[in-house]
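Peer 1: Give the three-dimensional model of this entry:
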Amino acid sequence: MTVQKKSVSKGLSNKGFSLVELLVAMTIFALVTTAIWSNFNSQNTIYRAQEQSAKIQQNMRASLYVMEKELRMAGFDPDSIGYGVDNIKNNMLRFTYDDGDGGYGSVAYALVGSQLRRVVKFNEDVAGTDLNDEKYILAENIYDSGSVDGFYLAYAFDDNGDGELDVSPNGHIIWAVDTNNDDELDLRLDTNDDGEMSLADDTGNDNIIDGNALASPVAMANIRAVRIWVLGQAERADVSYHDGNQYIVGRNIITPDDRIRRRLLSTIVKCRNLGV
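Peer 2: Below you'll find the model as predicted:
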């Protein structure tokens, strides 16, 4: 009997991978994994940055919207009772208006630490209200260095009673503040009268806009418009970011130089009911 030998195909060899082949495969796998992780990490960083910026922006816009809406009612006084702006001390604003229902509203805005506080009461003056009560929070995470605020208010006025906002010698609207807390405007912010608050207005190089003294103090009753600055920031630092910006917040020139993201918003509200 003839025994047939089985042939083994060379293509079906049970030979394994060589060390070189294994090393090459592992290197390729490592390179691909590193590329995927790098791309993921980059996208995640961008997403976190956008999320932080959007949150800051939303927080600031919401607070400005509320203030704009309420400020347009400041001084609404069809029965000539005397409603209007009644406090501008210490960078705080307080005003009253007729609520159209036989009563009146009283509103105040102020920064307490890093929180923008808002108090609204009806048929009761907000004067004397404890702003430390957190139920009055309008916005959080406002820049606060302990000595410089990221919330600022300035005012335009009609001191000569001609129905128009007073302007500077160069024809720019005068934005003024009360520097000695006597409820009268006494300092024009635009030092060089170019129509803007900028680094050029800091003639003393001390991060404070020097401004120019008004010819005479202006009473609160002559205020006709309010300019608001709000500098909001993220809740926590981002090690991948560096804030080397300079922010003009009213009279303050703020240079944080840290790793916290910030956004500065500003708006002008013409109080159509004041002086009517």
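Peer 1: Just name the shakiest helix or strand of this protein by mean pLDDT.
Peer 2: helix 19-71 (a mean of 79; mean pLDDT, DSSP states H and E).
Peer 1: what does the very next helix or strand once past it contact?
Peer 2: On the C-terminal side of helix 19-71, the nearest following helix or strand under DSSP states H and E is strand 85-87. Outside strand 85-87, the residues that touch it by Cβ atoms under 8 Å, 6 or more residues apart in numbering are 74-75, 93-96, 108, 127, 183, 220-221, 223, 271, 274. Every C-beta, even on glycine, is put in place using the N, C-alpha and C of the backbone.
Peer 1: neighbour-wise, which of these leads?
Peer 2: Among these, F95 has the most neighbours (other Cβ atoms under 10 Å), with 28 neighbours.
Peer 1: so that one touches F76, yeah?
Peer 2: No - the pair F95 / F76 is not scored as a contact, 9.9 Å apart, by Cβ atoms under 8 Å.
Peer 1: Show me whatever sits in contact with both of the two.
Peer 2: In contact with both F95 and F76: Y83, using Cβ under 8 Å, 6+ apart.
Peer 1: I'd like to know which elements the lengthiest strand in the chain is packed against.
Peer 2: Criterion DSSP state E: the longest strand present in the chain is strand 223-233. Under the contact definition 3 or more Cβ pairs under 8 Å, 6 or more residues apart in numbering; DSSP states H and E, strand 223-233 sits against helix 19-71, strand 151-157, strand 247-249, strand 262-270.
Peer 1: Which one of those lies nearest to D238?
Peer 2: Closest to D238 of these, according to Cβ to Cβ: helix 19-71, at 6.9 Å.
Peer 1: Now do that closest one and strand 151-157, the angle between them.
Peer 2: Put simply, helix 19-71 runs at 40 degrees to strand 151-157, going by axes from the mean of the first three to the mean of the last three Cα atoms, to 10 degrees.
Peer 1: Can we start the residue count at 896 from this point?
Peer 2: From this message on, residue numbering opens at 896, which makes the last subject helix 914-966.
Peer 1: Take the helices and strands packed on strand 1118-1128 and write them to CSV, including distance to L1109 and mean neighbour count.
Peer 2: Listed next are the helices and strands packed on strand 1118-1128 as CSV, based on distance: least, Cβ to Cβ, whole Å; neighbours: other Cβ atoms under 10 Å:
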stretch, distance to L1109, mean neighbour count
helix 914-966, 22, 13
strand 1046-1052, 9, 23
strand 1142-1144, 20, 20
strand 1157-1165, 19, 17
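Peer 1: quick one: low-confidence parts of the protein?
Peer 2: 896-911, 935-948 (pLDDT under 70).
Peer 1: wait, what's in contact with the most centrally placed residue in it?
Peer 2: Central residue of the chain (Cα atoms, centre = their mean): L1126, 3.0 Å from the mean position. With contact set as Cβ under 8 Å, 6+ apart, L1126 has these partners: 1037-1038, 1045-1046, 1142, 1144, 1149, 1157-1159.
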